[in-house]
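*Asks:* Predicted model follows, preceded by the sequence.
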Amino acid sequence: MAGAPVQYILPRSKKRARTAGTRERLLSERALNKRRNCHVRRASLEDDCSVTRWVACAWIAACVLSACAPARTPDHFLLPDGFTGWVYVRYDDPSCAPLDMRDGRRVVRIPADGRLCTSTTYETGSARDLYEYIRPDGTTRPLDNAEISLGAFHEPGHYESFRVGPGGPPDLSPFR
């Protein structure tokens with residue numbers, strides 16, 4: 001209807017309706033929508049817009065921080081076929097052999113007891129590691145992600161640990 005007065009319910013008022021006047025004409029439709037949405041009060045939260053802004057800022061910060069995680073050399077863990085239990089890798093030990101590199105990955109061959117020592121430097125950061133069983137004939141079979149429980153010990157030394165399959169609690173001193 002052309003010429004019919006437009007009614008707005010202004011925020012923070014006692015539901016008083018006003019016809020479109022000078023104040024409403026000065027505010028754009030976007031500003032009116034923003035004012036309508038931002039001044040609705042909740043009992044336990046501030047207003048809808050600040051909550052929405054907070055969630056948006058937190059999401060953006062999480063994306064930025066995850067993108068800024070330093071990259072590291074990915075590892076290729078080779079476990080004896082059928083191995084289950086805890087795996088422990090100790091890094092930065094000069095008395096141990098370094099890890100081999102293959103296809104841009106550090107090859108981590110885990111012995112039957114699940115404990116490996118290496119002089120290779122421990123790297124922090126994110127990478128897509130590969131976990132596989134190696135059969136006696138040299139062929140490999142990938143482990144399902146559901147079979148692996150990851151963990152890392154950074155102090156007092158550089159240790160990495162993970163569990164393959166079901167198992168009990170980890171050994172708190174695996175290299176004694």
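*Replies:* Yep, it's here. What you see is a predicted model; the values in this text were computed from it and never measured.
*Asks:* Isn't Phe77 up against Glu132?
*Replies:* Yes: look at Phe77 against Glu132 with Cβ atoms under 8 Å: they come within range, at 7.0 Å. Where C-beta positions appear, they are placed from N, C-alpha and C, glycine not excepted.
*Asks:* and these two? which has more neighbours close in?
*Replies:* Phe77 (24 against 15; other Cβ atoms under 10 Å).
*Asks:* ok, that one to Ala112 distance?
*Replies:* Using Cβ to Cβ, to the nearest Å, Phe77 is found at 14 Å from Ala112.
*Asks:* Could you break the protein into its assigned domains?
*Replies:* Per the record, the chain has its domains at 7-67, 75-164, by automatic domain parsing.
*Asks:* ranking those by mean pLDDT, which is last?
*Replies:* Note on the domains of the chain: domain 7-67 shows the lowest mean pLDDT, a mean of 56.
*Asks:* Run through the strands of this structure in chain order.
*Replies:* For the chain, strands defined by DSSP state E occupy the ranges 7-9, 17-19, 75-80, 85-90, 100-102, 105-109, 115-117, 130-134, 140-142, 148-153, 159-164.
*Asks:* Now do the helices in the protein.
*Replies:* With helices called from DSSP state H, the chain shows them at 22-26, 29-38, 48-67.
*Asks:* circling back to that earlier point, for Arg53, find the nearest of the strands of the chain.
*Replies:* Comparison of the strands of the chain against Arg53 by Cβ to Cβ identifies strand 7-9 as nearest, at 23.3 Å.
*Asks:* what sits opposite Pro80 in the beta ladder?
*Replies:* Per DSSP bridges, the residues bridged to Pro80 are Ile134.
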